[in-house]
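**Student:** Sequence and predicted structure below; questions after.
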Amino acid sequence: MEPLFVLTLISIFVAAFVQRLAGFGYGLIATPVALTLFSPFEVSFLMAFWGTVNSLPTVFLTRKAIPWQIFRTLLPWLFIGLVLGYVGLLILPAAVFKALAILICIQALISVFYPEQATRGIRWSADPRIAATLAGTLQSSISIPGPPLIVAFNQMKLVGDAFVSLFAMVFVSIGFARVGANFGFVAIALYSQGMAERLPDQIVYYAVTGCAASILGVMLAQPLVRYVSSALFKKIAAGLIALSVTALFIDVLGWGPQIATLIGFRS
């Protein structure tokens with residue numbers, strides 16, 4: 001198993017664990033690390049499986065708290081955004097998505113420690129239709145849909161399991177559509193060399209191991225939900241997001257090999 005993929009699996013497990021306790025953080029922690037190993041298209045492809053599996057247990061465990069009326073309002077706009085994200089993923093260079101992931105992670109860090117500053121200039125995104133469209137676009141392109149949803153959900157005064165369950169339900173609904181799109185991409189790859197080159201080399205292996213790490217993280221966190229402070233875990237999530245985005249920043253700058261040599265690590 002590649003050392004970088006081991007780190008990716010660890011980040012997926014930790015992200016799933018923290019997401020269940022803090023209410024956010026899965027994509028913000030796991031995606032930047034995954035982008036150091038895979039292309040943005042490969043990350044989107046694999047996160048469709050990993051993220052959906054991560055959200056399924058949460059949907060089941062919080063199903064009685066899901067605000068269905070709000071979810072039905074968001075759903076069509078989520079799918080509009082989903083299509084827009086895939087279009088961007090297919091035509092824009094990889095550097096755009098890595099830069100976008102870094103910016104969103106920084107915004108998320110600000111939102112934890114300075115919530116009023118985090119929404120400055122983007123309060124317009126609190127409109128459910130705009131938030132859902134942006135979330136769908138971000139989900140299919142870089143698998144970090146949370147920031148616009150957080151602004152919208154806070155505006156709706158959602159708290160506790162209502163907040164967490166709606167987040168998870170959004171991820172699951174988009175996730176199933178993305179998994180369906182993945183099978184479409186695989187079918188296209190049978191006849192298109194260009195699409196075949198975009199897909200991960202070991203699809204089943206990467207998908208299954210990542211899903212296992214996600215499920216394990218959620219299930220180990222579940223017994224702790226009633227006994228830990230979500231506010232504390234939001235701070236912990238912020239620290240992990242900072243580590244994750246630092247790894248991606250180092251990768252973007254091309255410093256990875258030098259740092260690996262410095263600490264005696266070989267990929």
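**Tutor:** Noted; the coordinates are in hand.

**Student:** Tell me how far whichever strand or helix holds residue 51 lies from the chain's centre.
**Tutor:** In the assignment (DSSP states H and E), residue 51 maps to helix 40-61. How far helix 40-61 lies from its chain's middle: 8 Å, per C-alpha atoms, centre = their mean, to the nearest Å.

**Student:** Now do it: which elements does it pack against?
**Tutor:** helix 3-22, helix 26-34, helix 68-91, helix 94-113, helix 128-142, helix 160-189, helix 203-221 (3 or more C-beta pairs under 8 Å, 6 or more residues apart in numbering; DSSP states H and E). Heads up, the C-betas are built off the backbone N, CA and C, glycines and all.

**Student:** Could you dump these into JSON lines and include distance to residue 232?
**Tutor:** What follows is these, written out as JSON lines (distance: least, C-beta to C-beta, whole Å):
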{"stretch": "helix 3-22", "distance to residue 232": "9"}
{"stretch": "helix 26-34", "distance to residue 232": "16"}
{"stretch": "helix 68-91", "distance to residue 232": "27"}
{"stretch": "helix 94-113", "distance to residue 232": "11"}
{"stretch": "helix 128-142", "distance to residue 232": "26"}
{"stretch": "helix 160-189", "distance to residue 232": "16"}
{"stretch": "helix 203-221", "distance to residue 232": "13"}
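
**Student:** got the angle between the helix holding residue 51 and helix 3-22?
**Tutor:** 30 degrees (axes from the mean of the first three to the mean of the last three C-alpha atoms, to 10 degrees).

**Student:** any idea of the mean pLDDT for helix 40-61?
**Tutor:** Averaged across helix 40-61, pLDDT comes to 90.

**Student:** same check, this time on stretch 72-79
**Tutor:** Mean predicted confidence for stretch 72-79 is 93.

**Student:** Give me the residues contacting it.
**Tutor:** Residues outside stretch 72-79 that contact it (C-beta atoms under 8 Å, 6 or more residues apart in numbering): 128-133, 135-136, 139, 170, 173-174, 177.
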